[in-house]
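Engineer: For reference, the sequence and a predicted model appear below.
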Amino acid sequence: MSRGGGERRDDTTGTIVETVPIGVTTIDETGTIRWANQVYADTLGIPREELTGTAYSELVAAGYYETAAVERYLDVVRSLLSSSAPDDHRSYLVRTRLPDGETLVHDVSTALLPFDDGEFRGTVNAFRDVTTQKAYERELDRQNERLEEFASVVSHDLRNPLNIAMGYVDLALETGDREALLEVKRAHERMETLIDDLLSLAVDGQHVRESQPTDVETVVRRAWRSVETGDGALVVVDGLDGVDADPSRLQQLFENLFRNSIEHGSTE
């Protein structure tokens, strides 16, 4: 393959607008930078005259790019050379580490330079800073994951008091027992408390804002009453000590433990 040189710079970059708001470089067939606009030079903090003649691999060695960036570039070049579309290009992401320690994310678009007598002459590469966009996308992904987790928790933790309420409604309709309606009221109060706790969790995260001296036996018995226990039996050991806790969250913990024990415990 014929080698590119500085004397061909005007031929290969004469049509590139100097004022484009993205970094632009041309890299010849040897992997050497033959031209860079001011935006690209300013991004790296390297004078343009020093960039000319610098191998792309030297920027990797200096810590501006990861080794994978060169490998990705070579894969893209091979893909373009095998493409049947003469005006084709490929886009990919690279991370650019600056001397001050900041890391930028660039969306790089690479296209082949016009061939010289059928010989590969190199590429033109546009570096667009998408750091803010990618950070926003990551934050959006985290929020979506948190929303999905929240929805799962709501569905899971509200299921038992809701089932309890429905069961006692059926009992009240069949027997007219007012005590059953009181159990329905307690189940709805428990759901209201859970909803308040879950909303606080969604806003404040996992941290408990306030705790207080809590009688464990009382919490355990309330939790047992809020779970469909079937033929299960609760045995409370005498002498349970009190703890400093959020009573509602502690009850939620025991409810989950009891539910898992009933649903997944041995039936033997």
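Structural biologist: Received, thanks. Residues are numbered from 1 along each chain as shown.
Engineer: C-alpha only now, for contacts and for neighbours.
Structural biologist: Noted.
Engineer: Strands along the stretch 101-250 of the chain, start to end?
Structural biologist: Secondary structure of the stretch 101-250 of the chain (DSSP state E, counting those that start in this stretch): strands at 103-112, 122-129, 212-214, 243-245.
Engineer: Out of the ones you listed, indicate the one that is most buried.
Structural biologist: strand 122-129 (a mean of 22; mean count of other Cα atoms under 10 Å).
Engineer: what about the longest helix in the protein?
Structural biologist: Scanning the chain for the helix with the most residues, using DSSP state H, yields helix 131-175.
Engineer: quick one: it to strand 103-112, angle?
Structural biologist: On the basis of axes from the mean of the first three to the mean of the last three Cα atoms, to 10 degrees, helix 131-175 is oriented at 110 degrees to strand 103-112.
Engineer: counting contacts, what elements does helix 131-175 pack onto?
Structural biologist: The contact analysis (3 or more Cα pairs under 8 Å, 6 or more residues apart in numbering; DSSP states H and E) places helix 131-175 against strand 103-112, helix 178-204.
Engineer: so what secondary structure elements neighbour the longest one?
Structural biologist: This points to helix 178-204. helix 131-175, helix 247-264.
Engineer: Of the ones you listed, flag the one that's most buried.
Structural biologist: Sort the helices and strands packed on helix 178-204 by mean neighbour count, taking mean count of other Cα under 10 Å, and helix 247-264 sits at the top with a mean of 17.
Engineer: how far does that one sit from the chain's center?
Structural biologist: 30 Å (Cα atoms, centre = their mean, to the nearest Å).
Engineer: What of stretch 29-48?
Structural biologist: On the basis of Cα atoms, centre = their mean, the separation between the geometric centre of stretch 29-48 and that of its chain is 33 Å.
Engineer: can the strands of the stretch 101-250 of the chain go into CSV with extra columns for mean pLDDT?
Structural biologist: Listed next are the strands of the stretch 101-250 of the chain as CSV, based on pLDDT from 0 to 100:
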stretch, mean pLDDT
strand 103-112, 93
strand 122-129, 93
strand 212-214, 83
strand 243-245, 83
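Engineer: E50: which of those strands is closest?
Structural biologist: strand 122-129 (18.0 Å; Cα to Cα).
Engineer: how about the strands of the stretch 101-250 of the chain in TSV, adding distance to V220?
Structural biologist: As requested, those are exported to TSV (distance: least, Cα to Cα, whole Å):
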stretch	distance to V220
strand 103-112	51
strand 122-129	56
strand 212-214	11
strand 243-245	12
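Engineer: Go through stretch 214-222 and flag the buried ones.
Structural biologist: Under the neighbour-count criterion of 16 or more other Cα atoms under 10 Å, stretch 214-222 has 214, 216-217, 219-222 buried.
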